[in-house]
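Chemist: Pasting a predicted model and its sequence here:
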Amino acid sequence: MFRNISAKENNSMGYKLPYRTLEIMDLRDSRIYALICAYQIIFVPCIVLGYVGFDCMFVNLSIQVIAQFAILSYKVKTVLNSSENYHEGMKELVLRHYRLIRCLLIQSYILTERLEHNFNFPIMQQLLGTTIHICISGYYVLMDV
């Protein structure tokens, strides 16, 4: 048993981390390895989900706008295809659309102000980080060739 402990202490191979990152410390000590593993297991998924969360928010907002246009397009087509009550149907659609736009303008102004106030800095970080990642990836692709 004593030989195994001394063999582990004299091991020069080191440890392998769960995620491939830049090693700033020597990972031969088991305590440092355990702390860095715990750090990676907790914080790397949080950072990744933070980036993905903003992308999902933008996709969600875009899909909602696209869905509203698709609904409007479908309703206009059904009104145009029915020859009876053509004028009443269009009048009803225009009034509904006008009320919807008025309501959305008020809500979107409030929502836009909130989004701009809360997400201005994270959106800038996201765009800047993505730009830097694309530049670095392009550099590595060019240098690898």
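Modeler: That came through fine.
Chemist: Just the element for residue 35, please.
Modeler: Following DSSP states H and E, the helix or strand that holds residue 35 is helix 30-81.
Chemist: quick one, the helix or strand following that helix and helix 30-81 angle?
Modeler: Tracing the chain past helix 30-81, the next element assigned as helix or strand by DSSP H and E is helix 86-144. In terms of direction (axes from the mean of the first three to the mean of the last three Cα atoms, to 10 degrees), helix 86-144 departs from helix 30-81 by 150 degrees.
Chemist: burial count for the nearest residue to residue 51 once chain neighbours are set aside?
Modeler: In this structure, residue 51 finds its nearest non-sequential neighbour in residue 126, 6.8 Å apart by Cβ to Cβ, 6 or more residues apart in numbering. Any C-beta I mention is one placed from the backbone N, CA and C, and that applies to glycine too. Here the count is done by other Cβ atoms under 10 Å, and residue 126 has 17 residues near it.
Chemist: swap in residue 36?
Modeler: Residue 36 has 19 neighbouring residues, counting by other Cβ under 10 Å.
Chemist: now the closest residue in space to it that isn't next to it in sequence: how far from residue 140?
Modeler: Take residue 36 and drop its neighbours on the chain: the residue closest to it by Cβ to Cβ, 6+ apart is residue 17, 6.4 Å away. In this structure, residue 17 and residue 140 are separated by 21 Å, where distance is defined by Cβ to Cβ, to the nearest Å.
Chemist: cool, and residue 63?
Modeler: Here the criterion is Cβ to Cβ. By it, residue 63 lies 33 Å from residue 140.
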